[in-house]
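In: the sequence and its predicted three-dimensional model are supplied below.
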Amino acid sequence: MKRKQAGLWACIFVLCITLIGCGERKQSSDTKTDVTAFVGTNIFEGSLDPVKGAMSYGYSFTNNALLKVDLNSEYIGDLATDWEISEDSLTYTFHLRKGVKFSDGSDFTADDVVFTYETVHNNQANNENVDLTRIASVTALDDYTVEFHLSEPYSPFFDTVAMLQIVPSDAYDSELFDTMPIGTGAWKVVQYDANQQIILEANENYYAGAPEIKKITLVYMDNDAAFAAAQSGQLDIVMVGANYANETVNGMTLQKFETMDVRNISLPVLEEQTQKNSEGKEVTVGNNVTADKAVREALSIGINRQTIIDHALNGIGVPAVHFTNNLVWASTDTYEDGKVEEAKQLLEDAGWVDSDGDGIREKNGQKCTFNVYAASGDEERYNLAVALAENALELGIKIEVKTGTWDEILTLQNTAGVVWGWGQYSPTVLYSLFESELFLTGGYDNVVGYNNPQVDELIHQALSANNQEDAISYWKEVQSTANQDEPYLYLVNIQHCYFVNDNLDISAETQIPHPHGHGSPIICNMQDWTWK
Amino acid sequence: MLRRSNGKGWNGRSRVFILLIVATVYLVGIFVWGITMNPVKYGVNYSEKLVSPCIKHLFGTDFMGRDMFYRSIKGLSNSIRIGLIASVISSIVALILGIVAAIWGGWIDKVINWCVDLCMGLPHLVLLILISFMMGKGVRGITVAVALTHWPSLTRIVRAEVMQVRNSQYVQAAYKMGKTKVQVAVTHILPHVLPAYLIGLVLLFPHAIMHESAVTFLGFGLPAEMPAIGVILAESMNYIVTGKWWLAFFPGILLLMAVLLFDGIGESLKKLWNPGSGNE
């Protein structure tokens, strides 16, 4: 009996401790100073060293580039204050911001810019994100002026400049910078635990004023574990997929952010055939169903994108038929979808008729069916493909949805559809999507086998245009010409979803349109975050 | 004596027999039902997403509105099929190697024993993942992986059984009558080890099914588009945290039952065929 009583007392004791503990936790959240956030695992996957291409998508936090994008996706000065471009577009002169210090206290000068660009230029193989091959020379005219000479006119040069953040010339250490880069950014890494957490501290030397929040911890977790952690109050921000969007978390609110990230499906435009790839190996390319333009066109006008989004993404996302309007170079001619009758007519005119009554059309004994691959582990893309398949069945087109690793997709991308995600400031993505020479060169460029001399010529003109306006009009023409052939079936402009602590203000008004980054871009304005 | 009063005329033998029949009917039923099932039954239906278990959907539905009851049955049927193929191949390998090792002896015995030790020395799951990944995953990869990793323990059992009988008088007599080793193995030794072999085969099934599901769960087995218990459980992980318990619970129970029943069948057969317990 005594023992039983002792046990009871122990239970009550433990309960009291827990209750007190809870009380304390609540108290501390009122006077919270630091932030713990889960923003996906993207940041943990590569080096943090700008010289190796880190954070080139436009939301770096440790280092700054000469330029950055503003809310309208246009370039404004970051470490540069103003700039001049020569008549022939071969010389760019940047005037640098004065009085900027690195997080180690040293001064930022033109030497650091020259050092950064030369290091990347000399080690281009280590940096696949920032292409400096067109730079002929970089020189420091004085401490605060840098001059770039290009070997040929290159209109996306500003995109390149905005991607490459500056590292200090005297403190640069290739190994150290992988995890703890020294930079001029608003944050410095104070602790880096691979695949666990990155602890950031405010950089008191930041030229625009030190952030109000002094410490931010970015954690590495599985999506479901992160959501559970948010439910138990351990996280202030948690990135969630669309499948969690209908859930509620105590003390947190769901916030959705505009992105420039689109999901499209590549549809091989070639008939099935064998071709030699760049290594001289014979490979099978093309697909006899998607090679028919009528099939591609019927899909693009016949499917109902809003229904697909409702089904696959809980209605989160915006129907898209091209790149997003928040990019200055994106084509804006849109069209209506869901025109089922028109699409059916198109297929019938092209000879695709359902003669055996199984609901799937045939033409010359060829069933109107093809495979679409989604990267395994990416549930969102898989759901999108399944929802599309369900929608396309109405038109008599059967899409078999499969999953594969990216290595497997690399071998299948020329013969089957693949769900892709694109979201970047630079229009050079159009070059990799449509340039005929890139077919079969390895990598994920021009997987559909698109070959249109007119488009190639337009791409060339756009790249070598010597002013931004011309370049943009060429890029728009590239899209309007190529999109007539529908080599890519655009589905959705996704939105990023986060549960955010109600007391935390993440300054939605200074969030840039999010580039591709699996939810990470919310950190683009960490310096503006405040506790209410 | 307790048994008799409980059984009321049912002796141990018939109870085991009934268990055996029930388990076999259940498993064969699921297997056949799954194979002949119309894919429409577990197809997507977006108007009924994430419905909790009810009369219409016994196991509820998932995020695409797929009926989890039919999907689980189909998935289990797929698992049983792969388990069957893989364990039959595995057991035949074990039978041949076991008999060869024991009868021929010498360096052949040594080599086979080395292989057994090698395979048993490596962690099972690692070997499975490696082979499955190397074979390109999917049905083929996982079947080959399970088939190639489950023979060692049965090989040992078969070898030990053969060792017991190879010096018995009737075997020696057969040799004296001029029979070759192969003839002796097939006509005199094989029938003797058959019961042990068959029990071993049945007891391999649960292992094979569990391992298939485990490797698939980890993403190295069957692809996501194929209904399989491993795929279902892996998908459900994303939803457990939001309280969609039925996505993992019922398929998990179904898998557990299948494994336990296979195990039950094996144990029952052992009891029936073992002279010591067969007549209880």
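Out: In hand now; what should we look at?

In: how about the closest residue to A:Ala294 other than its chain neighbours, what does it touch?
Out: Spatial nearest neighbour of A:Ala294, chain neighbours left out: A:Ala350 (3.4 Å); criterion: Cβ to Cβ, 6 or more residues apart in numbering or on different chains. Quick note: C-beta positions are derived from backbone N, CA and C, even for glycine. Residues near A:Ala350 by Cβ atoms under 8 Å, 6 or more residues apart in numbering or on different chains: A:Asp292, A:Ala294, A:Val295, A:Lys363.

In: check A:Val318 too.
Out: Counting by Cβ under 8 Å, 6+ apart, A:Val318 touches A:Ile309, A:Val492, A:Asn493, A:Gln495.

In: of those, just say which sits nearest to B:Pro39.
Out: A:Ile309 (25.0 Å; Cβ to Cβ).

In: A:Asn446 contacts A:Phe439, doesn't it?
Out: Yes: between A:Asn446 and A:Phe439 there is a contact at 4.8 Å, judged by Cβ atoms under 8 Å.

In: in helices, which of the contacts of A:Val318 fall?
Out: Mapping these onto helices (DSSP state H) picks out A:Ile309.

In: tell me the backbone dihedrals of residue 264, please.
Out: Using chain A here. Phi and psi for A:Asn264, reported as degrees, to the nearest 10, are phi -130, psi 170.

In: what does chain B have sitting close to chain A?
Out: By Cβ under 8 Å from any Cβ of the partner chain, the residues of chain B that approach chain A are B:44, B:46, B:63-64, B:136, B:219, B:223-225, B:235, B:237-242.

In: max pairwise distance over the residues you listed: which two?
Out: Largest separation among the residues of chain B next to chain A by Cβ to Cβ: B:Gly136 and B:Thr242, giving 33.9 Å.

In: quick one: which of these two has more around it?
Out: Between B:Gly136 and B:Thr242, counted using other Cβ atoms under 10 Å in any protein chain shown, B:Thr242 has the larger neighbour count: 18 against 11.

In: so that one is in contact with A:Ala228, correct?
Out: No: counting by Cβ under 8 Å, B:Thr242 sits too far from A:Ala228 to count as a contact (9.2 Å).

In: I'd assumed A:Gly517 was in contact with A:Thr41.
Out: No: counting by Cβ under 8 Å, no contact exists between A:Thr41 and A:Gly517, whose distance comes to 10.7 Å.

In: compare neighbour counts for the two and give me the winner.
Out: The neighbour count for A:Thr41 versus A:Gly517, taken as other Cβ under 10 Å, is higher for A:Gly517 (24 against 19).

In: state the three-state secondary structure for the more buried one.
Out: coil (DSSP: H, G, I helix; E, B strand; the rest coil).

In: same check on A:Thr217?
Out: Assigned with three-state DSSP, A:Thr217 falls in the strand class.

In: let me see the contact set for the nearest residue to it once chain neighbours are set aside.
Out: With sequence-adjacent residues excluded and distances taken as Cβ to Cβ, 6+ apart, A:Thr217 is closest to A:Thr36, at 4.6 Å. Residues in contact with A:Thr36 (Cβ under 8 Å, 6+ apart) are A:Ile216, A:Thr217, A:Val219, A:Gln234, A:Leu235, A:Asp236, A:Ile237.

In: give me that answer again for 7 Å
Out: By Cβ atoms under 7 Å, 6 or more residues apart in numbering or on different chains, the residues touching A:Thr36 are A:Thr217, A:Val219, A:Gln234, A:Leu235, A:Asp236.

In: just A:Gly315 next, same as before
Out: A:Ile309.

In: am I right that it is in a strand?
Out: No: assessed with three-state DSSP, A:Gly315 is coil; it does not lie in a strand.

In: and the pLDDT at it?
Out: pLDDT for A:Gly315: 90.

In: cool, and the one 4 residues further on?
Out: What the model reports for A:Pro319 is a pLDDT of 94.

In: contacts only, for the closest residue to it other than its chain neighbours.
Out: With Cβ to Cβ, 6+ apart as the criterion, A:Pro319 has its nearest non-adjacent residue at 3.6 Å, and that residue is A:Arg305. Counting by Cβ under 7 Å, 6+ apart, A:Arg305 touches A:Pro319, A:Asp337, A:Leu491, A:Val492.

In: counting neighbours, what do you get for the first one?
Out: A count of nearby residues for A:Pro319, using other Cβ under 10 Å, gives 19.

In: what residues of the helix or strand where B:Leu272 lies count as buried?
Out: Assigned by DSSP states H and E, B:Leu272 belongs to helix B:246-273. Neighbour-count burial for helix B:246-273, counted by 16 or more other Cβ atoms under 10 Å in any protein chain shown, picks out B:246-252, B:254-255, B:257-259, B:261-272.

In: cool, and stretch A:499-518?
Out: For stretch A:499-518, a neighbour-count test (16+ other Cβ under 10 Å) marks A:499-501, A:504, A:506, A:511-518 as buried.

In: farthest pair within those residues?
Out: So, the buried residues of stretch A:499-518 by Cβ to Cβ: farthest apart are A:Asn501 and A:His516, at 25.7 Å.

In: thinking again about what came up before, among the contacts of A:Ala350, which one sits closest to A:Thr248?
Out: Among the contacts of A:Ala350, and counting by Cβ to Cβ, the member closest to A:Thr248 is A:Val295, at 42.7 Å.

In: quick one on the thing from earlier: from the residues of chain B next to chain A, keep the buried residues only.
Out: B:44, B:46, B:63-64, B:219, B:223-225, B:235, B:238-239, B:241-242.

In: if we can go back for a sec, in a strand, the residue nearest to A:Thr217, correct?
Out: Yes: counting by three-state DSSP, A:Thr36 is part of a strand.

In: quick check, pLDDT for it.
Out: The per-residue pLDDT of A:Thr36 was computed as 93.

In: can you check the one 5 residues further on too?
Out: What the model reports for A:Thr41 is a pLDDT of 88.

In: let's verify B:Ala174: helix, strand, or coil?
Out: With three-state DSSP as the basis, B:Ala174 sits in helix.

In: tell me who's in contact with it.
Out: Neighbour list for B:Ala174: B:Val184, B:His188 [criterion: Cβ under 7 Å, 6+ apart].

In: how about the one 10 residues further on?
Out: If a contact means Cβ under 7 Å, 6+ apart, then B:Val184 has B:Val171, B:Ala174, B:Tyr175 as its contacts.

In: now name the helix or strand holding it.
Out: Taking DSSP H and E as the definition, one finds B:Val184 inside helix B:181-184.

In: which residue ranges of the stretch 1-150 of chain A form helices?
Out: Listed in chain order, the helices of the stretch 1-150 of chain A (DSSP state H, counting those that start in this stretch) span A:2-30, A:42-45, A:110-122.
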